[in-house]
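Enquirer: Predicted model and sequence below, questions to follow.
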Amino acid sequence: MPRRAVLLCILLLALGCKSDKGEPAPAPRASSDAGQRVVIKAVTGAFEPAEVHLKQGIPAILEFTRVVDSECVNAVRMPWMKEPVDLPLNQKVDIPVDTSKAGTFTYACWMNMVFGRVVIDPPQ
């Protein structure tokens, strides 16, 4: 398939997606029990919450659940994974996060149009 046709297909699939390049709203911090677990919903054109905070050095899981029948958010790309992770409709998907280093990373839908951000905060 010619590259132009592929790009057109991607554009047509993306019509249901909303790109939010602005600053995400602050989100609650992860639970501070033995580990950290943050629940993230994949909704039409967004991940909610758009930003989450984790504590450095404490094991963490991002728990994704896709709650809409949208092609755009049916998979999520993590910066350390070669392939997107499928998000089946109304099923929880756990993705472990390496919290050994403080910093920020961005994840995205499989089309790189919808983004979320994880901040790993250093100990205080």
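Expert: The structure has been received and is ready for your questions.
Enquirer: any chance you could map the helices in this protein?
Expert: Assigned by DSSP state H, the chain shows helices spanning 3-14.
Enquirer: any idea where the strands of it begin and end?
Expert: Assigned by DSSP state E, the strands in the chain fall at 36-43, 46-48, 51-55, 60-66, 75-77, 85-86, 92-97, 103-109, 115-121.
Enquirer: can those strands go into JSON lines with extra columns for mean pLDDT?
Expert: Below are the strands of the chain laid out as JSON lines (pLDDT from 0 to 100):
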{"stretch": "strand 36-43", "mean pLDDT": "97"}
{"stretch": "strand 46-48", "mean pLDDT": "97"}
{"stretch": "strand 51-55", "mean pLDDT": "97"}
{"stretch": "strand 60-66", "mean pLDDT": "97"}
{"stretch": "strand 75-77", "mean pLDDT": "96"}
{"stretch": "strand 85-86", "mean pLDDT": "97"}
{"stretch": "strand 92-97", "mean pLDDT": "97"}
{"stretch": "strand 103-109", "mean pLDDT": "96"}
{"stretch": "strand 115-121", "mean pLDDT": "97"}
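Enquirer: Contacts for stretch 97-113 next, please.
Expert: Contact partners of stretch 97-113, identified using C-beta atoms under 8 Å, 6 or more residues apart in numbering, comprise 10, 13-14, 17, 19, 36, 42, 47, 54-62, 72-80, 84, 114-122. No exception for glycine: its C-beta is placed from N, CA and C like everyone else's.
Enquirer: next one: it to chain centre, how far?
Expert: From the chain centre to the centre of stretch 97-113 is a distance of 7 Å (C-alpha atoms, centre = their mean, to the nearest Å).
Enquirer: and if you look at stretch 107-117?
Expert: 6 Å.
Enquirer: Repeat that for stretch 88-101.
Expert: Between the centre of stretch 88-101 and the centre of its chain there are 9 Å (C-alpha atoms, centre = their mean).
Enquirer: and it, which residues are buried?
Expert: By neighbour count on 16 or more other C-beta atoms under 10 Å, the buried set for stretch 88-101 is Val93, Ile95, Val97, Thr99.
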